[in-house]
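Visitor: Pasted the sequence and its predicted model underneath.
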Amino acid sequence: MLKVEGLIKDYGKVRAVNDITFTAKPGEIYGFLGHNGAGKSTTIKVSSGLLKPTQGQVSICGYDIVKEPIEAKKNLGYVPETPFLYDKLTGAEFLELIYGVYQPETTAIERQNRVKEMLEEIELVEKGQDLIGSYSQGMRRKIALCSGFIHNPKVVLLDEPTIGLDASSAKVAKDLFRKHADEGNTLLLTTHIMEIAEKLCDRIGIISQGKIIIEGTIEALKESAKGHNCESLEDLFLYFTQKDQETNGGDSE
Ligand SMILES: Nc1ncnc2c1ncn2[C@@H]1O[C@H](COP(=O)(O)OP(=O)(O)OP(=O)(O)O)[C@@H](O)[C@H]1O
């Protein structure tokens with residue numbers, strides 16, 4: 001379970017996140033949607049422990065990310081929008097390294113077996129022994145995704161997880177996300193691709209100018225937009241964000 005309560009994050013004078021509260025539950029894929037600069041990545045970075053909140057709390061499975069970072073991070077997987085990878089390691093070596101950091105008590109054989117399983121799941125076995133430096137953009141993305149799931153975390157934060165993936169790789173990734181959620185884990189993901197959010201997410205939170213302006217299932221969002229001709233998630237997204245800008249002003253695009 002991921003709980004964000006009264007979160008505020010300032011970068012100097014810029015208030016990037018302005019009092020956000022939401023919960024992503026076990027078994028759920030929570031989609032975080034918003035225009036560029038709305039505050040999605042900042043919320044994810046604070047939730048991962050990478051940035052300190054200005055105000056408010058984030059807890060991962062009940063552990064406060066600031067006060068109990070080790071316990072919180074043991075339960076956490078995080079795949080940033082621009083992941084850092086080691087070009088001089090093979091994909092398999094990189095994943096073994098990450099797995100060993102999270103599960104230091106495991107043996108080398110256990111780590112190798114888990115990595116093999118993960119590479120099979122993401123359909124990258126034949127490239128596992130190649131250097132990451134030789135990978136295409138899509139292969140790099142796949143390895144980064146594996147690094148977020150390799151230790152079977154209870155909460156996974158995914159910032160634009162399907163960027164650079166072709167249609168069949170995106171399908172493999174989406175299947176991985178769904179399977180992990182169906183096993184009782186929590187996923188929070190951001191995406192600008194409305195079709196992905198529509199098909200994959202159990203609940204949606206729309207963020208505008210650092211605030212969540214509406215959240216719920218797509219059915220619930222449609223109910224709130226009744227009479228405004230919103231048939232798809234794209235229609236709903238445009239309706240709610242435009243309404244927010246008309247009501248509250250601002251220049252987020
Ligand atoms: N390191 C930083 N220093 C100063 N301002 C920042 C920094 N990172 C983000 N911001 C500002 O915070 C606000 C929210 O940015 P954020 O990256 O969280 O948005 P986002 O919703 O993830 O956008 P995108 O969809 O473009 O990735 C923006 O106004 C951005 O310019």
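Guide: Okay, I see it.

Visitor: Quick check: residues of the stretch 1-150 of the chain near the ligand?
Guide: Residues of the stretch 1-150 of the chain that fall close to the ligand, judged by CB under 6 Å from any ligand atom: 11, 14, 16, 34, 36-42. For the C-beta atoms, the positions are set from N, CA and C on the backbone; glycine is no exception.

Visitor: List the contacts of Met139.
Guide: 91, 124, 127 (CB atoms under 8 Å, 6 or more residues apart in numbering).

Visitor: mean confidence for the host helix or strand of it?
Guide: Element membership for Met139, per DSSP states H and E: helix 137-149. Here helix 137-149 scores 97 as its mean pLDDT.

Visitor: next SSE after it?
Guide: Downstream of helix 137-149, the next assigned helix or strand under DSSP H and E is strand 155-159.

Visitor: quick one: which of the contacts of Met139 is nearest Thr82?
Guide: Of all these, Gly91 has the smallest distance to Thr82: 17.8 Å, by CB to CB.

Visitor: Strands of this protein, residue ranges please.
Guide: Secondary structure of the chain (DSSP state E): strands at 2-11, 14-24, 29-34, 55-60, 63-64, 76-79, 155-159, 186-190, 203-208, 211-216.

Visitor: Kindly present those strands as TSV, with separate columns for mean pLDDT.
Guide: Compiled in TSV, the strands of the chain are given as follows (pLDDT from 0 to 100):
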stretch	mean pLDDT
strand 2-11	98
strand 14-24	97
strand 29-34	97
strand 55-60	98
strand 63-64	98
strand 76-79	98
strand 155-159	98
strand 186-190	97
strand 203-208	97
strand 211-216	97
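
Visitor: Mind putting these into CSV with mean neighbour count?
Guide: Formatted as CSV, the strands of the chain follow (neighbours: other CB atoms under 10 Å):
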stretch, mean neighbour count
strand 2-11, 18
strand 14-24, 18
strand 29-34, 24
strand 55-60, 18
strand 63-64, 16
strand 76-79, 23
strand 155-159, 25
strand 186-190, 25
strand 203-208, 23
strand 211-216, 18
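
Visitor: if we can go back for a sec, how about the residues of the stretch 1-150 of the chain next to the ligand, which pair is most distant?
Guide: Going by CB to CB, the pair spanning those furthest: Tyr11 and Gly34, at 16.6 Å.

Visitor: out of everything not next to it in sequence, what's closest to the most centrally placed residue in the chain?
Guide: Closest to where the C-alpha atoms of the chain average out (CA atoms, centre = their mean) is Leu158, at 1.9 Å. Computed as CB to CB, 6 or more residues apart in numbering, the closest residue to Leu158 that is not its neighbour in sequence is Leu189, at 4.1 Å.
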